[in-house]
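**Q** Attaching a predicted model along with its sequence, questions to come.
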Amino acid sequence: MEKIIDEKQQGNSLVMEPKTENKRKLFIESYGCQMNFSDSEIVASILSKEGYNTTQQLEEADLVLVNTCSIREKAEQTVRKRLEKYNAVKRTNPNMKVGVLGCMAERLKSKFLEEEKIVDLVVGPDAYKDLPNLINEVEEGRNAVNVILSKEETYGDISPVRLQTNGVSAFVSITRGCDNMCTFCVVPFTRGRERSRDPQSIIEEVNDLATKEYKEITLLGQNVDSYLWYGGGLKKDFKDATPMQKATATNFAALLKMVAEAQPKMRIRFSTSNPQDMTLDVIEVMAAHRNICNYIHLPVQSGSDKMLKKMNRLHTREEYFSLIDNIKKIIPDCGISHDIITGFPTETEEDHQDTISLMKYVKYDFGFMFAYSERPGTMAARKFEDDIPEETKKRRLSEIVALQQEHSKYRTEQFLGKTVEVLIEKASKKSDAHWSGRNTQNTVVVFPKENYKVGDFVNVKVNDCTSATLIGEAVGYSENN
Ligand code: SAH
Ligand code: F3S
């Protein structure tokens, strides 16, 4: 399941149920992280109140919105290519308006309008509630830009329109922005300062999803372990909170517990955890609740202390190992995945070997690996020369991808002969006669459909595996069903 993310494959157009009173057609596409996909559901909700239905046909759209990613240069190039495609369509549909949302909108601001003539509208991640006004501006013949980042906006009061849903799993966002300032990362600049969403509105959203028969939710944030609700406001201002606010604040462990206990049959996942912010009480809450999945995405970026420091990751290799040891002690069968970057400025062969030895220690279930891509405006771009040749970055990348492949195979083999609980999500891509779902560790499991259906919790005996997939047969409904 190890992947080098290919942004080209991440574009996805989304559809929602038509409302008869809605006349105008919105085509919305998302690139990049889960948060973008989740944000597009908020945008669809805001615009459905303005009379927009979503469509999958670009050609018939009145409004085209692309929710963009800036994380690596390639992600931005993918969006530029899409804009060329929109341009071609606009020739046959001159009234079509085009808007850019998300991180590229925030990064490039009004420069977008100069660089890409097709673009009518540029809207940053905190300004989606302003979309109706901005669209009016555009309809009156003016270009419109709102890229103001907010101290408060969490969209906590908006009930997302679930797009492209399997009706089984949904994202619930809990924090926005990031204060960590990893030196390679553009996110703190495009998504602003970190703020948390009111736990009550999170619980209400989860309860609503349960009523609609969703079976799994993923709590989303750039850095979920840093979640802190003290009545509103930025995380960085918590130090100035009143004694009362401090005493009654909700941290991530408390939120996780509240969500798990509000819906004991709902599977709970969360993403992403930054090792420096993950605490033992989170792991203990996971262990104490059957419905919280035994899986942690724990990006490490590098195994070299020198690189970690230069990346402003505020933990050492040893601290990371002790976190892994604690996870495995408290939850022995916990699945763990990673993000790693190769070729960060000044990375030597020795640093690279440190990454390899770290991977060998952890033996991750899977991971996402990337060659370093310098992003304008980041601390790394300002302070360090991007001095590792492209071939070296790529060679190191292929070495860690190959190693991860071995580890993934090792991990999937540990399931052979065992029975795992699977939530059925969809038909298998490879065979329509098989269901596909995931076990608690987030590993994909496929098995013959029989009379089971999407949304069922099923016990599956694992008979075979590849490095990415467990293959088995159902032995009955699980007790969670
Ligand atoms: N905390 C975030 C991280 C977002 S970026 C989250 O919710 O996942 C996802 C991953 O992209 C990072 O962990 C890092 O491995 C990679 N990445 C970020 N900036 C990068 C860059 N400039 N070049 C290459 N990879 C990068
Ligand atoms: Fe980026 Fe580091 Fe935050 S990777 S999103 S600055 S935790």
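**A** Alright, I've got the coordinates. Ligands and ions are numbered 1, 2, ... in the order given.
**Q** Now the element after the strand or helix carrying residue 329, going C-ward?
**A** If you go by DSSP states H and E, residue 329 is part of helix 317-330. With elements assigned by DSSP H and E, the helix or strand that comes after helix 317-330 is strand 335-342.
**Q** still on that earlier bit, same for the helix holding residue 329, what does it pack against?
**A** helix 280-288, helix 349-362 (3 or more C-beta pairs under 8 Å, 6 or more residues apart in numbering; DSSP states H and E). From N, CA and C alone the C-beta is placed, and that goes for glycine too.
**Q** got the residue ranges for the strands in the stretch 1-150 of the chain?
**A** 12-13, 24-30, 52-54, 63-68, 97-101, 121-123, 144-146 (DSSP state E, counting those that start in this stretch).
**Q** that older thread, just send the helices and strands packed on helix 317-330 back as TSV, with mean pLDDT, mean neighbour count and distance to residue 473 too.
**A** As requested, the helices and strands packed on helix 317-330 are exported to TSV (pLDDT from 0 to 100; neighbours: other C-beta atoms under 10 Å; distance: least, C-beta to C-beta, whole Å):
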stretch	mean pLDDT	mean neighbour count	distance to residue 473
helix 280-288	97	18	29
helix 349-362	98	17	31
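**Q** Quick one, which of those helices gets closest to residue 124.
**A** helix 280-288 (30.5 Å; C-beta to C-beta).
**Q** host element of residue 312?
**A** Per DSSP H and E, there is no helix or strand for residue 312.
**Q** from the chain's centre, how far out does the helix holding residue 329 sit?
**A** Its chain's C-alpha centre and that of helix 317-330 lie 24 Å apart, by C-alpha atoms, centre = their mean, to the nearest Å.
**Q** in that helix, what counts as buried?
**A** 317, 320, 323, 324, 327 (16 or more other C-beta atoms under 10 Å).
**Q** which residues pair with the nearest residue to residue 169 once chain neighbours are set aside across the strands?
**A** Taking C-beta to C-beta, 6 or more residues apart in numbering, and ignoring the residues beside it in sequence, residue 169 has residue 216 as its nearest neighbour in space, at 4.2 Å. When bridges are called by DSSP bridges, residue 216 pairs up with residue 169, residue 267.
**Q** And residue 216, how close does it get to residue 172?
**A** For residue 216, the distance to residue 172 (C-beta to C-beta, to the nearest Å) stands at 11 Å.
**Q** and the protein, which of its residues are near ligand 1?
**A** By the rule C-beta under 6 Å from any ligand atom, the part of the chain lying against ligand 1 is 33, 71-72, 184-185, 187, 222-223, 272, 299, 301, 339, 341, 370, 372-373, 375.
**Q** Can you select the buried ones among those residues for me in ChimeraX?
**A** Remark: buried members of those, expressed as a ChimeraX selection using 16+ other C-beta under 10 Å:
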select :33,71,72,184,185,187,222,223,272,299,301,341,370,372,373,375
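**Q** Near ligand 2, list only the ones from the residues of the chain next to ligand 1.
**A** 185, 187, 222, 223.
**Q** tell me the contacts of residue 441?
**A** Going by C-beta atoms under 8 Å, 6 or more residues apart in numbering, residue 441 touches 293, 294, 295, 333, 334, 335, 365.
**Q** Counting by contacts, list what the longest helix along the chain packs against.
**A** The longest helix of the chain (DSSP state H) is helix 390-413. Packing contacts for helix 390-413, counted by 3+ C-beta pairs under 8 Å, 6+ apart, involve strand 335-342, helix 349-362, strand 366-371, strand 457-465.
**Q** go again using 10 Å as the cut-off
**A** The contact analysis (3 or more C-beta pairs under 10 Å, 6 or more residues apart in numbering; DSSP states H and E) places helix 390-413 against strand 335-342, helix 349-362, strand 366-371, strand 457-465, strand 469-477.
**Q** what's the closest of the ones you listed to residue 58?
**A** Short answer: strand 366-371, nearest of the helices and strands packed on helix 390-413 by C-beta to C-beta, at 28.9 Å.
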